[in-house]
Each structure stands twice: as C-alpha cells, then as structure tokens.
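Colleague: starting from these lines, generate the structure:
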Amino acid sequence: MQAIVNSIQKLLKQKLNIYATVLTPKTDLKKDLNLVDWEMLYLLNAVEKKWHVSITQNDQESIGNIEQLVAVVRKQSLGRS
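Modeller: Below you'll find the model as predicted:
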C-alpha cells in the first residue's frame, strides 16, 4: 500500500502543488489536505490516468481518505485481471 500512497503523494505535488509532509492511509483528503471539490476531481482524474482505472460516481462518493482511494484503485485493477 505504501507504494501507492507515495505515488498519490507525488500526484498531489505535481498536479495540485500540495506538499503534504506525511501521508498515511487515514489522511483525509478534504479535512487534512484541504482539497476542495474541483481539486478532488482533478486528483481522481490523475489517479485514473496513472493506473488506467475508471472511478465511478459511487466510488467517488465513498472516497474520503487515502486508504479508501487505494482500495478503489486496487478493486479496479483486480477487476481488469
């Protein structure tokens, strides 16, 4: 999981100029990182492109922290195998 968390941290830096010193699975995307709706959508879009997944509206609504985002990426990746 840490490898994906590190990749998400890089995406936050590259795409949104958000330099979180420590990201953990429990890091809340909106509360801890202060992401507003458009930033959240931008991050999800970057995640979709990086891992070649499609995050559904239902999945988007269930993502609140890093752990939940990683779970959606893994679920989508496993679904393709």
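
Colleague: wait, what's in contact with the most centrally placed residue in the chain?
Modeller: In the chain, the residue lying closest to the centroid (C-alpha atoms, centre = their mean) is residue 69, at 4.7 Å. For residue 69, the contact set (C-beta atoms under 8 Å, 6 or more residues apart in numbering) comprises 8, 29, 44, 47, 63. (Glycine included, C-beta is placed from N, CA and C.)

Colleague: ok, residues contacting the helix or strand containing residue 38?
Modeller: Per DSSP states H and E: residue 38 is located in helix 37-51. Identification of contacts with helix 37-51 by C-beta under 8 Å, 6+ apart yields 7-8, 11-12, 15-16, 18, 29-30, 35, 53-55, 60, 63, 69, 73, 76-77.

Colleague: list only buried entries from these.
Modeller: Buried members of the contacts of helix 37-51, scored by 16 or more other C-beta atoms under 10 Å, are 7-8, 11-12, 15-16, 18, 29, 35, 53, 55, 63, 69, 73, 76.
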